[in-house]
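J.: Sequence first, predicted coordinates after that:
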Amino acid sequence: MQTKPTRMGHKPLAVGLIVLAVALVAAGVISRRSVAEQVNEASAPLVPMVSVLAVKPITGAPLELPARIEAWQRAPIYARVSGYLKSWSVDIGAPVKAGQQLADIETPDLDQQLLQAKAELASARSNLTLAASTAKRWQGLLTADAVSRQEADEKAGDLAAKQAAVSAMQANVDRVQSLQRYTRLVAPFDGVVTTRNTDVGALISVGGAPGTELFVVSDISRLRVYVNVPQRQIAAIKVGDKAELTVPERPGKTFVATVQSLSQSINVSSGAMLVQLSVQNDSHDLLPGGYASLHFDAPLTSNALSIPPSALIFNKAGTQVATLGKDNHVVVKTITVGRDLGNVLEIASGLDSNDQVIANPPDGVATGDVVRVAAATTNAKAKP
């Protein structure tokens, strides 16, 4: 009796195919779910993470202000006579003494005017001599009743007129001679020549307008320092106070300046008062016209708040900061910066002492935005 062959060898293959199909279906479902989750995450709004800090009042902040330096005395030397520059003897940077000659002006026109004035004076004196003898003669004839009193008075009046003419001619000669003294340009005081705007042969005209000076002599052994002190701090400045002065061309070197006077008036446009200080400059390390920084010795107390410069937001609405409000919602506030103290800024208005300022506001942050606060939040007092 013949038996049928069994087909047990096909069963493992079928089972394997079924398992493979199930695995492919499961992989497709998982892949689609992952893509959907990524799409949902991408479409969800991104909540930025920020760090916040509590603002505190600035106490004992030193007063550091920009200032400008000027010569103690500065004299522009203008021409009082017209002519040509004959010679000059000092150049820029040269030290000069009071009365030292700076240049010599050749004045041919003025020389001729002096000759003419002297000739007119000589003619007037001749006329005066004749008028005096005539008046004396007529006075004698009047005594002898040879002429009328009217004629004698006319001769006396002519004598007086001739005397007045001589006085006028003498004054004109003195005037021209006085002008001739201005052909020599001299230094008005001890100092340094800081400007020379002429040369030999140059046409010289009578000047006086800014920019037409031939020389400028400055006394730089002592300098004036001008600084605008804000109204909030002016009460702490008084005559005799000391301040440290520094200039960029002398790094690491300080100079002592003394308050000389206060203008006793607040400038409407700047809200500051002009203060004048003086500083000795025997070594000529400081230069007139330069920029300087003043640091007053006495610390000044201020109730203003401070924040780091990184917290500022600049846009068309002005200078702003982002603060942390209720439920981590952003509140943007407009502020006014008082002073730049280096690593922090003094805020004059716009912030309260209980505000929490976002130290690193993200781009485009606006009021109502939600943020996440970093775990390590800077909550210390900002020090200048």
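T.: Received the coordinates, thanks.
J.: Just the mean pLDDT for stretch 154-165, thanks.
T.: Computed over stretch 154-165, the mean pLDDT rounds to 89.
J.: Contacts for that stretch, please.
T.: 124, 127, 128, 130, 131, 132, 134, 135, 138, 139 (CB atoms under 8 Å, 6 or more residues apart in numbering). Any C-beta I mention is one placed from the backbone N, CA and C, and that applies to glycine too.
J.: Same question for stretch 318-336.
T.: Residues contacting stretch 318-336 (CB under 8 Å, 6+ apart): 50, 52, 307, 311-314, 317, 337, 347-351, 355-358, 361, 365-373.
J.: Show me just the buried residues among those residues.
T.: Listed as buried from the contacts of stretch 318-336 are 50, 52, 307, 311-313, 337, 347-348, 350-351, 355-358, 361, 365, 369, 371; burial here means 16 or more other CB atoms under 10 Å.
J.: and these, which of them are in strands?
T.: 50, 52, 307, 312, 313, 337, 347, 348, 356, 357, 358 (DSSP state E).
J.: Could I get the pLDDT score of the third one?
T.: Which is residue 307. 82.
J.: Can you give the distance of the biggest helix by length in the chain from its chain's centre?
T.: Counting residues, the longest helix found in the chain (DSSP state H) is helix 108-143. A distance of 62 Å separates the centroid of the chain from that of helix 108-143, by CA atoms, centre = their mean, to the nearest Å.
J.: Name the spans of this structure whose pLDDT lies under the cut-off.
T.: 1-16, 19, 21-22, 24-45, 58-62, 297-303, 341-342, 375-384 (pLDDT under 70).
J.: mind listing the strands for the stretch 1-150 of the chain?
T.: 49-50, 52-54, 64-77, 83-88, 95-96, 101-106 (DSSP state E, counting those that start in this stretch).
J.: name the helices or strands packed onto the fifth one?
T.: By that I understand strand 95-96. If you count contacts as 3 or more CB pairs under 8 Å, 6 or more residues apart in numbering; DSSP states H and E, strand 95-96 packs onto strand 191-196.
J.: Tell me which residues of the strand it packs on come out buried.
T.: 191, 192, 193, 194, 196.
J.: How about stretch 72-89?
T.: 72-83, 85, 88.
J.: Tell me the one of these nearest residue 246?
T.: residue 72 (19.7 Å; CB to CB).
J.: ok, now how distant is the closest one from residue 190?
T.: Using CB to CB, to the nearest Å, residue 72 is found at 11 Å from residue 190.
J.: shared neighbours, those two?
T.: 219, 221.
J.: For the residue nearest the centre of the chain, which non-adjacent residue is spatially closest?
T.: Note on the chain: the residue nearest the mean C-alpha position is residue 68, at 6.6 Å, using CA atoms, centre = their mean. If you skip the residues right next to it in sequence, residue 68 has residue 226 as its closest partner in space, 5.4 Å away by CB to CB, 6 or more residues apart in numbering.
J.: can you map out the strands along the stretch 201-350 of the chain?
T.: Assigned by DSSP E, counting those that start in this stretch, the stretch 201-350 of the chain shows strands spanning 203-204, 215-230, 242-246, 255-266, 272-280, 291-296, 305-307, 312-315, 318-324, 330-334, 336-340, 345-349.
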